[in-house]
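Peer 1: Give me a model of this one.
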Amino acid sequence: MKPTAPPPLSRLPSPLAEELPVVQAHLRTLDGALDWAEAQAIAQPWVQAVRDEPAPFWAMESLLREYPISSAEGLALMRLAEALLRVPDAQTAIALTADQLGRADFEAATEGDGPHPMLASLSASAIGLSKRFLPQGEQPPGLFKRLGAHTVVAATVRAIQLLGRQFVLGQSIAEALGEARGRRKAEPALRYSFDMLGEGARTERDALRYLAAYRDAIAAIGAAANRGAGPEANDGISIKLSALFPRYEEHQRERVFAELLPRLLTLIDAAAAADLNLTVDAEESERLELSLDLIDACAAHIAARHSSWRGFGLAIQAYQTRAVACVHEVARIARLHNRPHGLRLMVRLVKGAYWDGEIKRAQELGLADYPVFTHKHHTDIAYLACAQALLDHAEVIYPQFATHNAGTIAAIAAMAERQPAKFELQRLHGMGEAVYREVMKSRPLPLRIYAPVGEHRDLLAYLVRRLLENGANSSFVHQLADPRIDVAQLLASPLHAAGKPGQPAPRAMFGAERRNSAGVDLSVPAERAPLLAAIEARRATGVPAVREASAIDATMQRLHAGHLAWNARPVAERAAVLERAADRLEAALATYCGLLVAEAHKTLGDGVAEVREAVDFCRYYAQQAREQLAPRELPGPTGERNTLHLHGRGVFVCISPWNFPLAIFAGQVVAALVAGNAVAAKPAEQTPAVAQAFVELLFDAGVPRSALALLHGPGETVGAQLVAHPLAAGVCFTGSTQVAKLIQRALAAKDGPIVPLIAETGGLNAMLVDSSALPEQVSDAVVQSAFRSAGQRCSALRLLCVHQGIADGVVEMVAGALHELRLGDPAELATDVGPVIDAEAHAALSRHVERLEREARRLARRELPDGIERLANGRFIAPCAYEIGRVADLKQEVFGPVLHVVRWGPGTAAPELDALVAQINALGYGLTLGIQTRIDSRAERIAQLARVGNVYVNRNMIGAVVGVQPFGGEGLSGTGPKAGGPLYLPRFCGERTLTVNTAAAGGNAQLLAGDEAVAVGAGMH
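Peer 2: Numbers count the residues shown, from 1 in each chain. Model prediction:
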């Protein structure tokens, strides 16, 4: 029977709880439960012994001492470890190695009194010598250096492989089991949890491959298990749910329970039959409720079918502000299914693995707070509070404490002595060995090794993440390796009063000058509920009708007259109006999202982002107006005052598109208004109601009706009349290049003043991918950039240029991810791709796809779901990708979910990157460009060569943020200046300079009144 997805949990607190009260609650919990002085006394001899007997040269502690991540040398090694092993072609490998080693000084980095001076000196000398053989650019100048470069790269690859061996137990499960057997000869009580390395699945094929790998591993581990010993004493496996299903996210809850859960249950059945332990690894915070719902379903399955098995568990991240609540929830689940079966769950407590990503996500979404602690000692406090909670629930939970911190280990040991409970300690393979060597001498506690398994080229994400976590300056492992930090300081109590958070709140990320717009975390049911209600309310009432403009001349006359009074208002007053509008729009976010979904067919995520962008425009231009538009005194000769004044030009005509009917409309209008202009605003024909709602909001915020008018109607009539009107003092236009040219010609043909045209137009936007790029990262960026918003963004990716060395793999991954996209009603949370805007757009896109079917090679095309023709009159274009022969074959902008792919590299139409960039420049457009590479100098060179307004490196290429990525192109893509940038407002202004001869009446009194003048005057008498 198909599993039914349960409703989301409501038992956990909000993930956005204020940090300091949570920490203070944890401190109250620990008061009396933990004596840190006792823990410090336990740990001190361990730390001293580690420092007296240093770890081997390749151990994490020694590596961090020789090459700290904060140094250029440590960063270079990290970048090489992340990328070099997966580069298939020698030329890119040479360029990557030269790029990274060329930025560091390994010889100087190892001068001093390290614990392994001879080994460190030898390694530094080898790397330093390598640098001399590497080419300065991407092309070796001669045969000798080319041979030398190949030799050095081969040696560097070998060094990275040796590094990988320190942190990956085996390249296959058989090799890992053999290694574990060998190590148990010296330490018979060691247990292992094998982690099959790999990124989360992007495609169904990936997911099935990971599922098979997990099944094979369980079978192999089970064959070597000690039958009857039980899951606590046996080895086990750790799995990632995101590896089992490519859409493991709250938005796809129904599919998660229909597709992922059955796969997980088959692994549980296999592990239970072999009497192993199976742990579900922790993932990002937005998946926590979904993970717990799956754990609940699994617990019910185990209680019904495997009543004597006690090996199922999950990981909990202490850096989440609701980690303790999560412990209690897991205990509740265990108790719910406990009787009469005696169910018990294992819980691995970790500090957390995605901290930087969690911080960035909260800032980008404009959340009220962070889902994680922003100060390390707060996480340490939470870890201890979680440990106490786990020990409190020991009858239904088997605690597993994963830490490399000697103080934390000692604290847990002391806490456990007060309330005896079975538990185990865990460490990562290759890390913390020296600390646990000392721990086991004095306290032989159960110890499990979390052991990564996989090919060295697949270890990159795992290895770099571990290096970053343990190499941070604040980490215990890093400080343990630093002799400048004494033992008492290293073991200082984290249980001091909570201080200020380590990061400003997400809404304060721009500082005191401007508040970040408030967003919504759609993965949280309580946060998305108002949006869903607003959408239903809008469906009930329908989209309000907006009358087409009439009496255009009379409106322009009225605005022309009203402009004078509005322009005379002080800049501060005009800015305050914009800020009031921003506050009101932010408060009405759900209402505007409902309107955007109904009229513009936006998905929920796109709707939230658009409202936030409009809010950001209002606040940013208000800030910029205060800074830039006030009168400015200029230097000059004595006896003269020179002042520069900026003023509104008159009536600005603002013509906006349908694809961002609120954000772009608002950005144009409020920029023109705050500069002192009156505005004749013509929205797109398809989306007048959104514009009408915002205009009314501006009136409520204080914009006089004499300074703003909405003129709805066809572009060829209303728009053309506005542009041609003699009182039009400027035009701001966003739309197609063809229409921009028509406006340009109309303005040039007018008698009267020469007025400015601010135009942001289309683009043939490309993404360049070299063979050092991470395919999973490329796939994510391509799918977001090409298919989000049904490809109806001016910044959307149209042309993917991928190096032939990795093209097959990247194309396969992108194609698989494309097939996972869900098409449907944009009002539904699960929808990724909605309809295109209207019948005309649908017909044009359909013709283009038909032509590609004849002239290009289809790489992927998502089938339209049954019944979709009943939605939006069937205006859906299936996301698709086609391979074309040359860059020049793409001749015009294709405004929809259609991706064109070309290969570059030796033997293609673009054998080198410079040639490829030249071909893209020759298209004439210059809006956005994506670059995917691990070679920093290559990214810099491409950015310099490309004639493009917005360049994005190693990320998607959509979603420019106001004031962060000012947006706008060049060539056929626009005139500039960039919207949301510091040069935008002056373009809406006229400039006047006032010069006053202050010495005209009786001389320069100010000069004569000075001390020097008095002295000179006295001498005259």
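
Peer 1: show me where pLDDT drops low in the stretch 101-250 of the chain?
Peer 2: The model of the stretch 101-250 of the chain has pLDDT under 70 over residues 104-148.

Peer 1: cool, the stretch 251-400 of the chain as well?
Peer 2: The low-confidence ranges in the stretch 251-400 of the chain, as defined by pLDDT under 70, are 339-341.

Peer 1: Okay, helices next: where are they in it?
Peer 2: Ranges of helices within the stretch 251-400 of the chain are 253-255, 261-274, 288-305, 323-336, 355-365, 376-392, based on DSSP state H, counting those that start in this stretch.

Peer 1: again, but for the stretch 451-600 of the chain
Peer 2: 460-471, 476-480, 487-490, 525-541, 552-568, 571-587, 589-600.

Peer 1: Which of the ones you listed sits closest to R310?
Peer 2: R310 lies closest, by C-beta to C-beta, to one member of the helices of the stretch 451-600 of the chain: helix 460-471, at 28.3 Å. The C-beta positions use only the backbone N, C-alpha and C, and glycine is treated the same way.

Peer 1: picking up where we left off before, so of the helices of the stretch 451-600 of the chain, which one's packed in deepest?
Peer 2: Mean neighbour counts were compared across the helices of the stretch 451-600 of the chain using mean count of other C-beta atoms under 10 Å; the top stretch is helix 589-600, at a mean of 24.

Peer 1: what packs against the helix or strand following that helix?
Peer 2: Using DSSP states H and E, the helix or strand that follows helix 589-600 towards the C-terminus is helix 604-628. Packing contacts for helix 604-628, counted by 3 or more C-beta pairs under 8 Å, 6 or more residues apart in numbering; DSSP states H and E, involve helix 525-541, helix 571-587, helix 589-600, helix 663-674.

Peer 1: do that again at 7 Å, thanks
Peer 2: Contact here means 3 or more C-beta pairs under 7 Å, 6 or more residues apart in numbering; DSSP states H and E; on that basis helix 604-628 packs against helix 571-587, helix 589-600, helix 663-674.

Peer 1: now for those helices, which one comes closest to G182?
Peer 2: Comparing these by C-beta to C-beta, helix 589-600 comes nearest, at 59.2 Å.

Peer 1: Could you give the separation of the closest one from the chain centroid?
Peer 2: Relative to the mean C-alpha coordinate of its chain, helix 589-600 is positioned 25 Å out (C-alpha atoms, centre = their mean, to the nearest Å).

Peer 1: What helix or strand is the residue nearest to V811 when sequence neighbours are not counted located in?
Peer 2: Among residues not flanking V811 along the chain, L859 sits closest, at 5.5 Å (C-beta to C-beta, 6 or more residues apart in numbering). Using DSSP H and E, L859 sits within strand 857-861.

Peer 1: could you dump that strand to CSV, C-alpha only?
Peer 2: The C-alpha coordinates for strand 857-861 follow below in CSV (Å, rounded to 0.1, in the frame of the first residue of the first chain):
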residue,chain,number,x,y,z
ARG,A,857,20.3,16.7,-30.1
ARG,A,858,17.8,16.3,-27.3
LEU,A,859,19.5,15.7,-24.0
ALA,A,860,16.5,15.7,-21.7
ARG,A,861,12.9,16.7,-21.8
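
Peer 1: just to revisit the earlier point, number of residues surrounding the residue nearest to V811?
Peer 2: Neighbour count for L859, taken as other C-beta atoms under 10 Å: 18.

Peer 1: Just to check, it is in contact with P879?
Peer 2: No. Using C-beta atoms under 7 Å, L859 is not in contact with P879, being 11.3 Å away.

Peer 1: roughly how far apart are E175 and R209?
Peer 2: Distance of E175 to R209, given as C-beta to C-beta, to the nearest Å: 19 Å.

Peer 1: you'd agree D293 is up against P6?
Peer 2: Yes. Using C-beta under 7 Å, D293 is in contact with P6, at 5.5 Å.

Peer 1: so where's the stretch 651-800 of the chain shaky on pLDDT?
Peer 2: In the stretch 651-800 of the chain, no residues with pLDDT under 70.

Peer 1: Give the bridge partners for the residue nearest to P865 when sequence neighbours are not counted, please.
Peer 2: Nearest residue to P865 in three dimensions, chain neighbours excluded: L823, at 6.0 Å (C-beta to C-beta, 6+ apart). Legend: beta-bridge partners of L823 under DSSP bridges are V833.

Peer 1: quick one: contacts for L823?
Peer 2: 833, 862, 864-865, 868, 876 (C-beta atoms under 7 Å, 6 or more residues apart in numbering).

Peer 1: Quick one: mean pLDDT for whichever strand or helix holds V814?
Peer 2: In the assignment (DSSP H and E), V814 maps to helix 807-819. Computed over helix 807-819, the mean pLDDT rounds to 98.

Peer 1: List the buried residues in that helix.
Peer 2: Buried residues in helix 807-819, defined by neighbour count with 16 or more other C-beta atoms under 10 Å: 807, 810-819.

Peer 1: quick one: which of the residues you listed is nearest R287?
Peer 2: A817 (18.0 Å).

Peer 1: show me the contacts for the closest one.
Peer 2: Counted by C-beta under 7 Å, 6+ apart, A817 has contacts 202-203, 246, 779, 783.

Peer 1: if we take the residues you listed, which one ends up nearest to I94?
Peer 2: Using C-beta to C-beta, the contacts of A817 come closest to I94 at S779, 25.9 Å.

Peer 1: So which other helices or strands are in contact with the helix or strand in which the closest one is found?
Peer 2: Assigned by DSSP H and E, S779 belongs to helix 775-787. On a contact count with 3+ C-beta pairs under 7 Å, 6+ apart, helix 775-787 meets strand 766-769, helix 807-819, strand 928-932.

Peer 1: Return the alpha-carbon coordinates of it using CSV.
Peer 2: Extracted C-alpha coordinates of helix 775-787, given in CSV (Å, rounded to 0.1, in the frame of the first residue of the first chain):
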residue,chain,number,x,y,z
PRO,A,775,29.4,18.2,-10.9
GLU,A,776,26.8,18.2,-8.1
GLN,A,777,27.3,21.9,-7.6
VAL,A,778,27.1,22.5,-11.3
SER,A,779,23.9,20.5,-11.6
ASP,A,780,22.2,22.5,-8.7
ALA,A,781,23.3,25.8,-10.2
VAL,A,782,22.1,24.8,-13.7
VAL,A,783,18.7,23.6,-12.7
GLN,A,784,18.0,26.6,-10.5
SER,A,785,19.3,29.1,-13.1
ALA,A,786,17.7,27.6,-16.2
PHE,A,787,14.3,26.3,-14.9
